[in-house]
Every structure is written in structure tokens, then in C-alpha cells.
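>>> Coordinates for the following, if possible.
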Amino acid sequence: AAVAAVTFLPFLMFCSWRWIVVGHFGVVSFGGPNQAGMAANFLDPQLVRELPPEHRRLARIILRGRRERGWKTMQMSSSAVEHFAQYSDNIWRIALPAAQREYKRMRALPEGDAERIEGMDRPARVVQNEMLSRLSRATVQSRPALYFKWVTSAQVYGLRQLTSYLWIWAPALLVLFSVPIFLVATRSAEARESDLDPKILSTLIALLVLGVGYFAAYLLLVSLVSFPFERYFVSLTLFLPSALTAQMFVMWRRVLRQFG
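Predicted coordinates for the structure are as follows:
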């Protein structure tokens with residue numbers, strides 16, 4: 001607890017300073033553009049009409065950009081993976097250029113105009129980030145079922161990726177292969193109770209909780225605004241191979257001692 005508190009304080013100070021400077025509480029700017037990369041998939045003419053008036057113009061521009069590419073709106077019956085592939089283009093080729101155009105248009109309006117948003121004197125990227133973030137939140141609030149489908153599909157997509165990496169499936173297969181041998185070797189009560197070091201057991205449990213917990217928490221965090229493509233996903237698996245290998249090592253050490 002003491003170590004956690006000490007390491008948390010610099011994190012809290014950095015995030016608080018970032019909040020004061022740019023109005024965003026976080027280590028990185030995983031905000032409006034990233035959210036728009038996901039939420040843009042939900043836009044259709046009906047949703048645009050349902051949005052608050054201040055978001056409709058930007059939403060129409062983004063929807064038009066997607067239609068020009070021949071992209072359809074994500075539906076409950078459609079495959080989310082198809083829309084995952086549109087994520088980066090939604091950000092860099094559609095949403096950000098749309099926000100930049102809208103920012104320039106609003107900057108040209110007189111200061112008392114109702115369309116001008118507060119804080120136009122802030123850096124352009126901060127204002128554009130806020131525009132996209134507000135639009136994305138309004139979109140998600142209007143289509144919560146689609147958002148839930150996005151998040152759950154992203155997590156399933158991530159779980160499927162586990163089978164793509166040698167450092168995950170190889171030790172997992174070895175553990176599965178080792179389990180029946182371990183059970184046969186320790187089938188007697190004496191064998192099960194012998195050489196069971198509580199410290200080793202607690203270490204295995206701690207490593208397993210760390211590996212699975214880190215993976216699950218990180219996967220959920222990424223899924224909320226993005227999807228686990230490779231440059232994010234590789235780091236999710238950081239502790240899993242260690243947990244699997246440690247389990248296999250302990251089982252085989254006990255098996256060999258039974259026959260040694």
C-alpha cells in the first residue's frame with residue numbers, strides 16, 4: 001500500500017497539471033479524436049437529427065466523409081471488425097479535418113455569435129479535441145447498444161488475438177500438456193501434500209492475478225475508446241507468459257521429485 005501510494009502521487013500530480021492546462025485528466029491525450037474514431041461508425045441521418053444542435057453540423061460533415069468512402073453505419077447486426085478497420089481513417093482523414101474546418105469557421109464568427117463555443121482563445125488542437133469529444137459522448141449516449149457492441153466485440157477480438165502469438169499459445173499448450181501428468185504423478189494424498197511450499201503457491205497466485213488482471217484491465221481500457229490492434233495489444237500480454245511458465249515449472253518440478 002505504501003509503495004502504491006508513493007507511485008500514485010506523481011501520476012496524480014501530472015494528471016492534475018494536465019487537467020489545469022488543457023482540461024483533460026489523463027497521462028496521454030486519448031480523447032476526442034480517438035473517441036471519434038469509434039463513435040463516427042454510429043452516425044446516420046437519423047442520429048444526426050437527434051443530436052443537440054451544437055453537434056449536428058460537425059456530425060453531418062463526418063457522416064458525409066464516411067459516405068464518400070462508401071462506408072455504412074454500424075448496426076447491431078453488422079460485424080464490428082469491419083468498422084475496426086475504419087478506425088484510423090475515421091480519425092485522421094475524416095474527424096480531425098472536419099473539426100479543423102469547423103474550428104476555422106467558428107473563429108471567423110463574431111464573438112457574440114451563439115455558435116461560438118467557450119474558450120476559443122485556447123490552442124486550436126485543444127478546442128478541436130473538445131469538439132470531437134463532446135460529439136462522441138453525445139453519439140454514444142444516443143446509441144448505447146451500439147457502444148456496448150463495440151466494447152464487447154473489441155474484447156472478443158482481443159481474446160482471439162491471444163492465439164496469434166507464440167509466446168502465449170506455446171506455454172499455454174505446455175501447461176495443458178503438463179496438467180494430466182501432474183495429476184497422475186500426485187494422485188495420492190501423500191504426493192499432493194508433499195513439497196507444497198506456501199510461499200511458492202502464493203507467488204504463483206500473485207503472478208497469475210497480476211498477469212490476468214493487467215491484461216483484462218488494459219483490454220477493457222483500450223476497448224472503451226479504440227480496439228486492440230497490435231501496437232496496443234502486444235503490451236497487454238506482458239505478464240501472461242511468465243505466469244504460464246512459472247506454473248509449468250512448479251508442476252514439473254513436483255512431478256520429477258515424485259519419480260526422482
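>>> Tell me the buried residues in the helix or strand containing residue 11?
Using DSSP states H and E, residue 11 falls within helix 2-22. Across helix 2-22, burial judged by 16 or more other Cβ atoms under 10 Å covers 18, 22. Backbone N, C-alpha and C define where each C-beta goes, glycine included.
>>> In the stretch 1-150 of the chain, where is pLDDT below threshold?
27-29 (pLDDT under 70).
>>> all helices of it, in order?
For the stretch 1-150 of the chain, helices defined by DSSP state H, counting those that start in this stretch occupy the ranges 2-22, 32-39, 45-50, 53-68, 80-84, 87-89, 96-107, 124-142, 144-161.
>>> which residue sits closest to residue 34 in space, ignoring its chain neighbours?
residue 225 (4.9 Å; Cβ to Cβ, 6 or more residues apart in numbering).
>>> measure that neighbour to residue 247 for me?
Distance, residue 225 to residue 247, by Cβ to Cβ, to the nearest Å: 33 Å.
>>> now residue 140
Residue 140 sits 40 Å away from residue 247, going by Cβ to Cβ.
>>> Low-confidence regions, the stretch 151-260 of the chain specifically.
Within the stretch 151-260 of the chain, the set of residues satisfying pLDDT under 70 comprises 188-196, 260.
>>> now the helices for it?
Remark: helices assigned in the stretch 151-260 of the chain by DSSP H, counting those that start in this stretch are 166-185, 189-193, 198-225, 230-236, 240-259.
>>> okay, the ones you listed, which one's buried deepest?
Ranked by mean neighbour count, the helices of the stretch 151-260 of the chain are led by helix 240-259 with a mean of 17 (mean count of other Cβ atoms under 10 Å).
>>> Could I get the CA-only coordinates of it as PDB?
Output in PDB follows, covering the C-alpha atoms of helix 240-259 (Å, rounded to 0.1, in the frame of the first residue of the first chain):
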ATOM      1  CA  LEU A 240       0.900 -13.800 -19.200                       C
ATOM      2  CA  PRO A 241       3.900 -15.800 -20.500                       C
ATOM      3  CA  SER A 242       5.600 -15.500 -17.100                       C
ATOM      4  CA  ALA A 243       2.500 -16.700 -15.200                       C
ATOM      5  CA  LEU A 244       2.100 -19.700 -17.600                       C
ATOM      6  CA  THR A 245       5.800 -20.700 -17.500                       C
ATOM      7  CA  ALA A 246       6.000 -20.400 -13.700                       C
ATOM      8  CA  GLN A 247       3.000 -22.700 -13.300                       C
ATOM      9  CA  MET A 248       4.500 -25.200 -15.700                       C
ATOM     10  CA  PHE A 249       7.900 -25.100 -13.900                       C
ATOM     11  CA  VAL A 250       6.300 -25.800 -10.500                       C
ATOM     12  CA  MET A 251       4.200 -28.700 -11.800                       C
ATOM     13  CA  TRP A 252       7.200 -30.400 -13.500                       C
ATOM     14  CA  ARG A 253       9.500 -29.900 -10.500                       C
ATOM     15  CA  ARG A 254       7.000 -31.700  -8.300                       C
ATOM     16  CA  VAL A 255       6.500 -34.400 -11.000                       C
ATOM     17  CA  LEU A 256      10.200 -35.000 -11.300                       C
ATOM     18  CA  ARG A 257      10.600 -35.200  -7.500                       C
ATOM     19  CA  GLN A 258       7.900 -37.900  -7.300                       C
ATOM     20  CA  PHE A 259       9.900 -40.100  -9.700                       C
END
